[in-house]
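Asks: would you be able to build a 3D model of this:
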Amino acid sequence: MSKLRANESCEALGSCENPAYRDGHVMKYVVVTGGTLSGLGKGTTISSIGVVLKTMGLRVTSIKIDPYLNVDAGTMSPYEHGEVYVLEDGGEVDLDLGNYERFLNITLTKDHNITSGKIYEKVIRRERKGEYLGKTVQVVPHVTNAIQNWIKSVAFRSVDKCSGAPDICLIEVGGTVGDIESAVYLEALQQFFCKAGEDNFCLCHVSYVPIVCGEPKTKPTQHSVKELRQAGLRPDFLFCRSELPINESARAKIALFSQVPHSHVISVHNVSNVYRVPMLIEEQSFGELVCRVRKLGLVAPSPSPESPPASLQDPTFSMSRWESLADKADSASNPVRIGIVGKYTGFGDSYLSVVKALHHAAVEADLKLDIVWIESTDLEQQNTKTTPAMYREAVAKLESVDGVLCPGGFGDRGICGLEAAAEYCRTHSVPFFGICLGMQIAIIEFCRNVLGLEDANSEEFDPHSQHKVVVFMPEVNADIMGGTMRLGNRATIIRDKKSVAYKLYDQQPVIYERHRHRYEVNLDFVPAIEAHGLKFTGQDERGQRMEIAELQGHPFYFAVQYHPEFTSRPIKPNPCFLGFILAAKSRLSARFEEHSGRLRAGSTYLEKPLNDENSHVEATK
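Replies: Residues are numbered from 1 along each chain as shown. Okay, the predicted model is just below:
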């Protein structure tokens, strides 16, 4: 943990007015902005920076600033914004927070995602209460002060299992420099820098260096830095995204025109897999430069029994461990072909955490993941928009894969295609994994084709069905969309010790996973469903909500109401995904035998919520 220098006092640091100081602790801020164009990978860059810092024994936290006016990401379309990432406390946030949690093995809260909607809502509420004492409320200073106060209030929170504040707060500013939406945040950060002081604030700027006819072009980066300077901020480091390594000539030119040291121009070029990005950054001495040589004045803590450094508390964080992970991801040659049958397959970010979790599991199993995207509407032969060629292609894809995953979603579009995929897997002994909506579809298909309830449906799709086997949850608000679902960490009780679930979760009777749903299995139909072989092996504490379903006698027909993709980590794959991947290659039974009925996939899913006061775990009744 960083400490006050001997010659500094509380007064010298500005006491509580200084956002870098609280209760004798000095917080260091590393801010990442982006320029030129969107999609450069700021999220991956800032996560990789965090990995480098953690391997030095420093504790980190992270904040994402999104300039949009939405309060959160919960009501956004997957086509426009990508997936909605769900946090332990139920926060529906930007998918970049998923990158932070996966890379850094931390547990964030909804307050770690700042949006313009949240900031303006806070300011307006204060104005309505008269807290500004009759002053004219303006963007400067009232909105900019609200941004700074929010950052400081969140930065000092522990996001790991250690007591006390982190050493470094990473802040990503969404959008690109020059966007009108980002202007207020850049102004707030300029003020923040003046208050925190140069030794406590480091600005990293990500820009694009295109390769034209084999030559790197530096002009886009120069213009991007110019925009940043016009906003009153000067970059300390430049992270240059490019297809190829930035040569010395281009690096020198960028350093000259951007007025940053030559060694502070970091080449972030394409690598074989995302796990190599932290190593790429570290190879250019970023950790040494930012912490010791010039900027933040941090020194990695020395090991001690009383306060071991973060790298010792979390063995995940050593650069050699990351190198081994990257090598393993590259070396896998035995393919596993997984079909994702979904409603939003036209935009890969719609299922980003699902894809990442599949990758984690494939690396653990020494398999090379091959994802086959299958649009669910293409499996609907009766759909007027589905041509015969589209249907034949979709069926051919379905028949070619080793396993099928049906992820979450909302609305009735493509539901018949999802049902067709579930029926195919059930009747052809193909490994099937249903998540949230995928589980509900499996229940509907089973009731229609096994129980003979032809009109069985979800209340979401047909509120007039006589056999609503999936129903609206009574406590959920039907009129307000944002933040009203069953969200966040919940406990699931696995009562059947002979179940696949019990073995997947290493014979643990209680697990914790994250949820995001409005509909649930109708209890009235549970006895009939189980009597025909589809067992609900996981339930909530009261036994009222069906959390896990397994088909007896099937190689792997497994469905869950929760979203296990949100707790998967590169070195701790979620057991549901690992079990699915192994089953797709007919290796799951051997894995269980090897570990005496256990999977041995890590323990993230067994851990109770980090902050009990923010937990949504239901009380046992």
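
Asks: how close does the residue of the chain most remote from its centre sit to E121?
Replies: Note on the chain: the largest C-alpha distance from the chain mean falls to G134, namely 41.9 Å (CA atoms, centre = their mean). Per CB to CB, to the nearest Å, G134 is found 21 Å from E121. Backbone N, C-alpha and C define where each C-beta goes, glycine included.

Asks: now F446
Replies: Applying CB to CB, one obtains 44 Å for the distance of F446 from E121.

Asks: out of those two, which sits in the more crowded spot?
Replies: Comparing F446 with E121 by neighbour count (other CB atoms under 10 Å), the higher total belongs to F446, at 26 against 14.

Asks: I'd assumed I529 was in contact with the more buried one.
Replies: Yes - between F446 and I529 a contact is recorded at 6.5 Å, counting by CB atoms under 8 Å.

Asks: ok, R598 - contacts?
Replies: Going by CB atoms under 8 Å, 6 or more residues apart in numbering, R598 touches 503, 506-507, 592.

Asks: by neighbours, which of the residues you listed wins?
Replies: For the contacts of R598, counting by other CB under 10 Å, the largest number of neighbours falls to K503: 22 neighbours.

Asks: what backbone torsions are found at that residue?
Replies: In terms of degrees, to the nearest 10, the main-chain angles of K503 are phi -70, psi -40.

Asks: and it, what is it in contact with?
Replies: K503 makes contact with 592, 597-599, according to CB under 8 Å, 6+ apart.

Asks: for it, give me the pLDDT.
Replies: pLDDT recorded at K503 is 96.

Asks: ditto for Y519
Replies: Reading off the per-residue confidence, Y519 sits at a pLDDT of 91.

Asks: same deal with the one 5 residues further on?
Replies: pLDDT recorded at D524 is 94.

Asks: shouldn't it be within a helix?
Replies: Yes - according to DSSP: H, G, I helix; E, B strand; the rest coil, D524 belongs to a helix.

Asks: which secondary element of this protein has the worst mean pLDDT?
Replies: With mean pLDDT, DSSP states H and E as the measure, the helix or strand of the chain carrying the lowest mean pLDDT is helix 310-313 (a mean of 48).

Asks: tell me the first helix or strand C-terminal of it.
Replies: Of the helices and strands lying after helix 310-313 in sequence (DSSP states H and E), the nearest is helix 319-331.

Asks: give me the buried positions along the helix or strand following that next one.
Replies: Sequence-wise, the next helix or strand downstream of helix 319-331 (DSSP H and E) is strand 335-342. Under the neighbour-count criterion of 16 or more other CB atoms under 10 Å, strand 335-342 has 336-342 buried.

Asks: which secondary structure elements does whichever helix or strand comes after strand 335-342 contact?
Replies: On the C-terminal side of strand 335-342, the closest following helix or strand by DSSP H and E is helix 352-364. Helices and strands touching helix 352-364, by 3 or more CB pairs under 8 Å, 6 or more residues apart in numbering; DSSP states H and E, are helix 96-104, helix 319-331, strand 335-342, strand 368-375, helix 575-584.

Asks: show me what counts as buried in helix 352-364.
Replies: 352-364.

Asks: do stretch 371-386 as well
Replies: For stretch 371-386, a neighbour-count test (16+ other CB under 10 Å) marks 371-372, 374-380, 383, 386 as buried.

Asks: export the residues you listed as TSV, with columns for pLDDT.
Replies: Conversion of the buried residues of stretch 371-386 to TSV gives the following (pLDDT from 0 to 100):
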residue	pLDDT
I371	96
V372	96
I374	96
E375	94
S376	95
T377	94
D378	95
L379	95
E380	93
N383	88
T386	89
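
Asks: looking at those residues, which one is closest to D94?
Replies: Each of the buried residues of stretch 371-386 was checked against D94 using CB to CB; the closest is I371, at 22.9 Å.

Asks: might you list the low-confidence residue ranges for the stretch 401-550 of the chain?
Replies: With pLDDT under 70 as the threshold, the stretch 401-550 of the chain has low-confidence stretches at 477-483.

Asks: which stretches of it form helices?
Replies: For the stretch 401-550 of the chain, the helices defined by DSSP state H, counting those that start in this stretch cover 415-428, 437-449, 500-504, 526-531.

Asks: who touches A549 in this structure?
Replies: Contacts here follow CB under 8 Å, 6+ apart; on that basis A549 touches 434, 439, 442-443, 521, 534-537, 558-560.

Asks: could you find the closest non-adjacent residue to it?
Replies: Ranked by CB to CB, 6 or more residues apart in numbering and with sequence neighbours excluded, the top spatial neighbour of A549 is A559, at 4.5 Å.

Asks: the one you found against P431, yeah?
Replies: No - in this structure, A559 sits apart from P431 without contact. The criterion is CB under 8 Å, and the distance is 11.8 Å.

Asks: tell me, what residue is most central in this protein?
Replies: By CA atoms, centre = their mean, the chain has its centre lying nearest to G98, at 1.5 Å.

Asks: separation between it and M76?
Replies: Spatial separation of G98 from M76 under the definition CB to CB is 15 Å.

Asks: where in the stretch 1-150 of the chain is pLDDT low?
Replies: Of all residues in the stretch 1-150 of the chain, those with pLDDT under 70 make up the ranges 1-16.

Asks: if you set the cut-off to 80 instead, what comes out?
Replies: 1-17, 79-81 (pLDDT under 80).

Asks: and the strands in it?
Replies: According to DSSP state E, counting those that start in this stretch, the stretch 1-150 of the chain carries its strands in the segments 21-22, 25-26, 28-34, 60-66, 85-86, 92-93, 113-115.

Asks: beta partners for D370?
Replies: R337 (DSSP bridges).

Asks: now the buried residues of helix 352-364 in TSV, with pLDDT and distance to H112?
Replies: TSV is the format used below for the buried residues of helix 352-364 (pLDDT from 0 to 100; distance: CB to CB, whole Å):
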residue	pLDDT	distance to H112
L352	93	18
S353	95	17
V354	96	22
V355	96	23
K356	96	19
A357	97	21
L358	97	26
H359	96	24
H360	96	22
A361	96	27
A362	96	29
V363	95	27
E364	94	28
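
Asks: among these, which one sits closest to E88?
Replies: Nearest to E88 among the buried residues of helix 352-364, with distances taken as CB to CB, is S353, at 13.9 Å.

Asks: what about the helices in the stretch 51-200 of the chain?
Replies: Using DSSP H, counting those that start in this stretch, helices in the stretch 51-200 of the chain cover 78-81, 96-104, 116-128, 144-155, 183-196.

Asks: want to try TSV for the ones you listed, with distance to P216 as columns?
Replies: Formatted as TSV, the helices of the stretch 51-200 of the chain follow (distance: least, CB to CB, whole Å):
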stretch	distance to P216
helix 78-81	31
helix 96-104	26
helix 116-128	35
helix 144-155	35
helix 183-196	27
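
Asks: and the strand or helix carrying A250, what does it pack onto?
Replies: When secondary structure is defined by DSSP H and E, A250 falls within helix 248-258. Counting contacts by 3+ CB pairs under 8 Å, 6+ apart, helix 248-258 is packed against helix 219-230, strand 237-242, strand 265-269.
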